[in-house]
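# Any chance you can model this:
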Amino acid sequence: VQLQASGGGLVQPGGSLRLSCTASGFALDDYVVGWFRQVPGKRREGVACITFYDGRTFSADPVKGRFTASRDIAKNTVYLQMNSLKPEDTAVYYCASDCDEPNADYWGPGTQVTVSS
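Purely as a prediction, here's the structure:
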């Protein structure tokens, strides 16, 4: 049972990236999958969430209008489309099996996103 996140990298300000989070060993149907990010020395913060069975999404204020969560039911995968990236979006991004951090049973290992010119 695990979550595997991928898709991070280095991108210039204003650019885009799409992160993927694939679950293995369990189905995401009953979960509200959360995307989080963390910068060294700072608390991890929630970025976006998606209710897997119906696709409802939520984006936190700092990324609203720029980041969007989506999912592919057949692939048991959720995505985080990140557009208009800013240097302050630089962080390690995680997916988790709940939008509420303390309730997340499963976490992906994290993927680094660096926004820099």
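
# Quick one: residues in contact with stretch 66-75.
The contact list for stretch 66-75 (C-beta atoms under 8 Å, 6 or more residues apart in numbering) reads 22, 28-29, 33, 35, 47-50, 52, 55, 57-59, 77-85. Every C-beta, even on glycine, is put in place using the N, C-alpha and C of the backbone.

# any idea which element the one residue sitting closest to the centre of the chain lies in?
The residue lying closest to the centre of the chain (C-alpha atoms, centre = their mean) is Trp35, at 3.1 Å. If you go by DSSP states H and E, Trp35 is part of strand 32-38.

# Please list the residues outside that strand that contact it.
Residues outside strand 32-38 that contact it (C-beta under 8 Å, 6+ apart): 19, 21, 44-52, 67, 69, 71, 78, 80, 89, 91-101, 104, 110, 113.

# Mind checking which of those residues are buried?
Those of those that meet the buried threshold are 19, 21, 46-52, 67, 69, 71, 78, 80, 89, 91-99, 104, 110, 113, by 16 or more other C-beta atoms under 10 Å.

# Please give the number of neighbouring residues around Gly34.
For Gly34, the count of nearby residues is 25 (other C-beta atoms under 10 Å).
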